[in-house]
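[1] Here's a sequence, model it:
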Amino acid sequence: MKLGIPVADLYSQAGSTASEWNLRLARAWLEDCVANHPLCEQRTTQKLPTRVLDVGSEPCDLVRLHISSEGECGSYATLSHCWGRKHLLMLEKDTESMLKAGIELSQLPNTFRDTILVARALSIKYIWIDSLCIYQDSTEDWRTESTKMGQIYMNCLLNIAATASEDSSGGLFRPRNPLAVKPAQITINAGYSIGKYDFWCWPGFLWDRQVEEGVLNTRGWVFQERLLAPRIVHFSSQLFWDCRMSAACETIPTGRPTPMPSRQKSPYRNFLDTIQLKKAPNLQRTSDTHEPEIEEVYTAWQEIVTTYSNRKFTKDSDILVAISGIAQEIQRGLTNYDQYYVGHWLQNLKKELLWSVGPLTVDTKANFTTSRICPLRAPTWAWASVKGPIHFKQ
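    Take a look at the predicted model:
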């Protein structure tokens, strides 16, 4: 990545991810992605969601709920976070007027407050937070807005992920030892005729431990948010960057020579990128023609569902709606050929009925439970009728 940061300044000396240096690095990642990554969404303005939060700017201490006008465009960030069990300030009929008038940052939980500070530092005017932008006491509004979540995350300029926080009180920022972030430099003398070589070393498990295994990425809703967002900055004990063309972190700020294990390397991530980049992919086929790309679609969907079934939900009833944005994108690629129904594709239903409870590979030391969702949200033959890990027979 071309960050425009002097080599001497590439590594932070700060003892917290809240430092000015960290926010400057996040801004450099964002600007480089928008300017130089043709495979990433490069438009900086999109149609705004129904409601967003106007974050204002320093030294203003207020944030306001903004009701978007028809067709209004702008730049906005989204937040991926764990709700947890603590009480949140939410958008309800009783709080609407207060949120529109403006509330002080001190009234918001730590994660929301930190997200606003990050958005301001990145010059992003609006943010979208589910609990403050969807009426939490209106079933009708939730049904309407929840079906738009896929588009909301797809069209954001940036998704901010509270990857290490179990609830909204955890915040984005973490104290840390800056020496633990900087890679170790090792000089090896290979002999008089060859000379010395410098090597930079870092933990090979860095991405997996702090991103893939982060508490946020155990949640069901976040699975869709992460797949559909064009770019993500993860906040853990250090910052991690994730987009279609690059993966980086504070330890490797310009990105690895070879890609980190990341979302864009998965078969279903590649497929979704193809859908979004082509806009109208030609995946149709006649009933008597077998085309490999169609089979790849179905294989990708089964991988999506298998991984998704391991995620956790506060409400079992969310199991289908929390993946509906991904299904909508796949449906666009199968226009005039297939139809989506309760988690399955009808043209491939014979194969997709061959699902079984339990993980794909069973670790004898691991405990897992799968049970029927009550009340039923799907027919008993559908994978969405159960909660817990499932897999498809090959």
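
[2] list the contacts for the residue nearest to R231 when sequence neighbours are not counted?
    Of all residues not flanking R231 in the chain, C243 sits nearest, at 3.9 Å (Cβ to Cβ, 6 or more residues apart in numbering). To be clear about C-beta, it is placed using only N, CA and C from the backbone, and glycine gets the same treatment. Counting by Cβ atoms under 8 Å, 6 or more residues apart in numbering, C243 touches 33, 37, 40, 230-232, 264.

[3] and the two most separated of these?
    Taking every pair in the contacts of C243 and measuring Cβ to Cβ, the maximum separation is 13.4 Å, between H37 and I232.

[4] Just want to know which of those two has more residues nearby.
    Using other Cβ atoms under 10 Å as the criterion, H37 and I232 rank with I232 on top: 24 against 17.

[5] And for P253, nearest residue in space, chain neighbours not counted?
    L10 (5.3 Å).

[6] surely that neighbour meets I252?
    No - the criterion here is Cβ atoms under 8 Å, and L10 misses it with I252 at 9.7 Å.

[7] Same drill for those two, tell me which one is more crowded.
    Set L10 next to I252 and count neighbours by other Cβ under 10 Å: I252 wins out with 20 against 15.

[8] Okay, the nearest residue to Y308 once chain neighbours are set aside and T147: tell me how far apart.
    Using Cβ to Cβ, 6+ apart and skipping the chain neighbours, the partner closest in space to Y308 is F223 (5.3 Å). For F223, the distance to T147 (Cβ to Cβ, to the nearest Å) stands at 17 Å.

[9] For A164, see how far away L239 is.
    If you go by Cβ to Cβ, the gap between L239 and A164 works out to 11 Å.

[10] for this structure, what helix or strand is lowest in average pLDDT?
    helix 267-278 (a mean of 59; mean pLDDT, DSSP states H and E).

[11] what element comes up after it heading to the C-terminus?
    The helix or strand immediately downstream of helix 267-278 is helix 292-308, counting by DSSP states H and E.

[12] pLDDT of that next one, averaged?
    In this model, helix 292-308 carries a mean pLDDT of 84.

[13] what element comes up after it heading to the C-terminus?
    Counting by DSSP H and E, the next helix or strand C-terminal to helix 292-308 is helix 324-333.

[14] Put the alpha carbons of that next one into CSV.
    Only the C-alpha atoms of helix 324-333 are listed here, as CSV (Å, rounded to 0.1, in the frame of the first residue of the first chain):
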residue,chain,number,x,y,z
SER,A,324,-30.6,-12.0,3.6
GLY,A,325,-28.2,-9.3,2.2
ILE,A,326,-25.8,-12.0,1.0
ALA,A,327,-28.7,-13.9,-0.5
GLN,A,328,-30.0,-10.8,-2.3
GLU,A,329,-26.5,-10.3,-3.9
ILE,A,330,-26.5,-13.9,-5.1
GLN,A,331,-30.0,-13.6,-6.4
ARG,A,332,-28.9,-10.7,-8.6
GLY,A,333,-26.4,-13.1,-10.2
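
[15] Tell me what angle that helix forms with helix 292-308.
    180 degrees (axes from the mean of the first three to the mean of the last three Cα atoms, to 10 degrees).

[16] Identify each buried residue in helix 324-333, please.
    Residues 324-331, 333 are the ones in helix 324-333 that count as buried (16 or more other Cβ atoms under 10 Å).

[17] How about stretch 130-140?
    130-135.

[18] what comes into contact with it?
    Contacts for stretch 130-140 (Cβ under 8 Å, 6+ apart): 49-53, 65, 79, 83, 88-93, 96, 99, 112, 141-142, 145-146, 149.

[19] Pull up the distance across that stretch, start to finish.
    Taking Cα to Cα, to the nearest Å, stretch 130-140 runs 15 Å from one end to the other.

[20] What's the mean pLDDT across it?
    95.

[21] what about the most centrally placed residue in the chain, helix or strand, and which?
    Nearest to the geometric centre of the chain sits R226, at 2.0 Å (Cα atoms, centre = their mean). According to DSSP H and E, R226 maps onto helix 220-228.

[22] List the contacts of the closest residue in space to T307 that isn't next to it in sequence.
    Closest residue to T307 apart from its sequence neighbours, by Cβ to Cβ, 6+ apart: F223 at 7.2 Å. Applying Cβ under 8 Å, 6+ apart, we find F223 in contact with 217, 307-308, 311, 322-323.

[23] could you pull out the helices for the stretch 51-200 of the chain?
    96-101, 110-121, 130-133, 139-146, 149-154 (DSSP state H, counting those that start in this stretch).

[24] any low-confidence regions in the stretch 1-150 of the chain?
    1, 4-9 (pLDDT under 70).

[25] at 80 what do you get?
    1-14, 41-44, 57-59, 85-86 (pLDDT under 80).

[26] What of the stretch 201-350 of the chain?
    204, 256-294, 296, 333, 335-336.

[27] separation between C374 and T380?
    Taking Cβ to Cβ, one finds C374 at 11 Å from T380.

[28] meant to ask about F313, not that
    When F313 is compared with T380 (using Cβ to Cβ), they lie 19 Å apart.

[29] Which one of those two is surrounded by more residues?
    Between F313 and T380, counted using other Cβ under 10 Å, the more crowded position is F313 (14 against 8).

[30] so that one makes contact with G220?
    Yes - between F313 and G220 there is a contact under Cβ under 8 Å: 4.5 Å.

[31] Quickly list what's touching both of the two.
    319, 322.

[32] Check which helix or strand the nearest residue to W345 once chain neighbours are set aside maps to.
    Nearest residue to W345, sequence neighbours excluded (Cβ to Cβ, 6+ apart): D338, at 5.0 Å. For D338, there is no host helix or strand (DSSP H and E).

[33] Quick one: residues contacting D338.
    Contacts of D338 (Cβ under 8 Å, 6+ apart): 331, 345-348.
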